[in-house]
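*Asks:* Kindly return the folded structure for what I paste below:
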Amino acid sequence: MIQSNNPEMKSYFSSLPHFLQEAIQQSSIEITSVEQLKSVAENLQAQSKQDQPWH
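*Replies:* Numbering: from 1, shown residues only. Below you'll find the model as predicted:
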């Protein structure tokens, strides 16, 4: 959950793929900075790539 009115955070969040936005919104993580948001997004994206089967 994003806990800020920071325009940079909102802009970065809006630029994320929809599945990452959903995952962040549904998580219980309280995000209070752009750096933290970027870290969470990168971790979720890496995790989603690991969950996908190799083709």
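*Asks:* Below-threshold pLDDT in the chain: ranges please.
*Replies:* Residues of the chain that meet the criterion pLDDT under 70 lie in 1, 52-55.
*Asks:* In contact with the spatially closest residue to residue 23 that is not a sequence neighbour, which residues?
*Replies:* Of all residues beyond its chain neighbours, the one nearest residue 23 is residue 44 (5.1 Å), with distances taken as CB to CB, 6 or more residues apart in numbering. The way it works is simple: take the backbone N, C-alpha and C, and place the C-beta from them, glycine included. Listed by CB atoms under 8 Å, 6 or more residues apart in numbering, the contact set of residue 44 reads 20, 23-24.
*Asks:* how about the residues you listed in CSV, adding secondary structure and distance to residue 6?
*Replies:* As requested, the contacts of residue 44 are arranged in CSV below (DSSP: H, G, I helix; E, B strand; the rest coil; distance: CB to CB, whole Å):
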residue, secondary structure, distance to residue 6
20, helix, 18
23, helix, 20
24, helix, 15
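*Asks:* can you redo those residues as CSV with distance to residue 40 and neighbour count?
*Replies:* Formatted as CSV, the entries for the contacts of residue 44 read as follows, by distance: CB to CB, whole Å; neighbours: other CB atoms under 10 Å:
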residue, distance to residue 40, neighbour count
20, 9, 17
23, 9, 18
24, 6, 18
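*Asks:* From residue 9, how far off is residue 20?
*Replies:* From residue 20 across to residue 9, the span is 14 Å (CB to CB, to the nearest Å).
*Asks:* For the spatially most central residue of the chain, give me its contacts.
*Replies:* By CA atoms, centre = their mean, the mean C-alpha position of the chain lies nearest to residue 41, the distance being 3.2 Å. Taking CB under 8 Å, 6+ apart, we find residue 41 in contact with 12, 16, 20, 24.
*Asks:* so it sits in a strand?
*Replies:* No. According to DSSP: H, G, I helix; E, B strand; the rest coil, the state of residue 41 is helix, so it is not within a strand.
*Asks:* Can we start the residue count at 10 from this point?
*Replies:* With 10 as the first residue, the last one maps to residue 50.
*Asks:* Pull up the gap between it and residue 60, please.
*Replies:* Look at residue 50 and residue 60: by CB to CB, they are 16 Å apart.
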